[in-house]
Structure formats: C-alpha cells, structure tokens
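1. Could you work out the structure for the sequence below:
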Amino acid sequence: QVQLVESGGGLVQAGGSLRLSCVAFGRTASSAAMGWFRQAPGKEREFVAVISWSGGRIYYADSVKGRFTISRDNAKNTVYLQMNSLKPEDTAVYYCAAGPNSSGTYAGGYNYWGQGTQVTVSS
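-> The predicted structure follows:
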C-alpha cells in the first residue's frame, strides 16, 4: 500500500512559478514510477509528466514541455514538479500518482493517487 500526499499548490500570476511536492509513504514507494496528472473543471484528467524510479526515464506532455520539470529524491520518497512560465490554461487540480515502473501517460496504469492540490494561474 502506498499513500501519496501532495503540497505546493496555490494562486500565481501568469508567468510565475510554483513547485509541487508529493511525498510517498509505503514499502514500495521508492521502486515505483511517479506521475503527475491534472484535471481542470469540466475536463478529463490529463497526463502531465512521469519519472521512473531511477530517474532515467522522463516524459512530458507537449503542453508543458520546456516549462515543467519533474524530479525525485528517493531518499526522501518525494517527487517534485517545478512549474515555470505558468499560463492560465495550467489552472487545474494536480494529482500525484504511483504505479509500476513501466507506468507512463495512461492514468489507468497507476495504482495509487494523492488527494490533489489546486493550482490557479491568473491572467
């Protein structure tokens, strides 16, 4: 069993930055792939970024490539999402997810989810 706790969301102006954190509690947390997804009001949950347990495999959604950076510190069982040059369209609830090391862009491939943290970008 893995429990995920996100933090770092908030309100920021367009062009600003935020860093989200997700702490994983559980025996298998450090061996899991970790992903970030987001869901805006009235829209489906969408993939943002994923990082393998070693950090050797990283993918980003095209919409955030070049602006967001995913990283992890396995000693702290924590994954981060550094978000720069934020846009109003980045406004959403951001969710952290953990799954098998092969997990990628498909939400159904993840076993565990956090409660979400709200990110609001004002224009």
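
2. Find the residue at the geometric middle of the protein.
-> In the chain, the residue lying closest to the centroid (CA atoms, centre = their mean) is Trp36, at 2.3 Å.

3. Pretty sure it sits against Arg45.
-> No - the pair Trp36 / Arg45 is not scored as a contact, 10.8 Å apart, by CB atoms under 8 Å. C-beta coordinates here come from the backbone N, C-alpha and C atoms, glycine included.

4. Common neighbours of those two, please.
-> Tyr95 (CB atoms under 8 Å, 6 or more residues apart in numbering).

5. And the strands in the chain, which stretches?
-> Using DSSP state E, the strands of the chain run over residues 3-7, 10-13, 18-25, 33-39, 46-51, 58-60, 68-73, 78-83, 92-99, 112-113, 117-122.

6. Can I get those strands in TSV including mean pLDDT?
-> Formatted as TSV, the strands of the chain follow (pLDDT from 0 to 100):
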stretch	mean pLDDT
strand 3-7	95
strand 10-13	98
strand 18-25	96
strand 33-39	97
strand 46-51	98
strand 58-60	97
strand 68-73	97
strand 78-83	97
strand 92-99	96
strand 112-113	95
strand 117-122	98
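
7. okay, the ones you listed in JSON lines with distance to Thr105 next?
-> Output for the strands of the chain, formatted as JSON lines (distance: least, CB to CB, whole Å):
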{"stretch": "strand 3-7", "distance to Thr105": "18"}
{"stretch": "strand 10-13", "distance to Thr105": "26"}
{"stretch": "strand 18-25", "distance to Thr105": "17"}
{"stretch": "strand 33-39", "distance to Thr105": "8"}
{"stretch": "strand 46-51", "distance to Thr105": "4"}
{"stretch": "strand 58-60", "distance to Thr105": "7"}
{"stretch": "strand 68-73", "distance to Thr105": "13"}
{"stretch": "strand 78-83", "distance to Thr105": "15"}
{"stretch": "strand 92-99", "distance to Thr105": "11"}
{"stretch": "strand 112-113", "distance to Thr105": "15"}
{"stretch": "strand 117-122", "distance to Thr105": "20"}
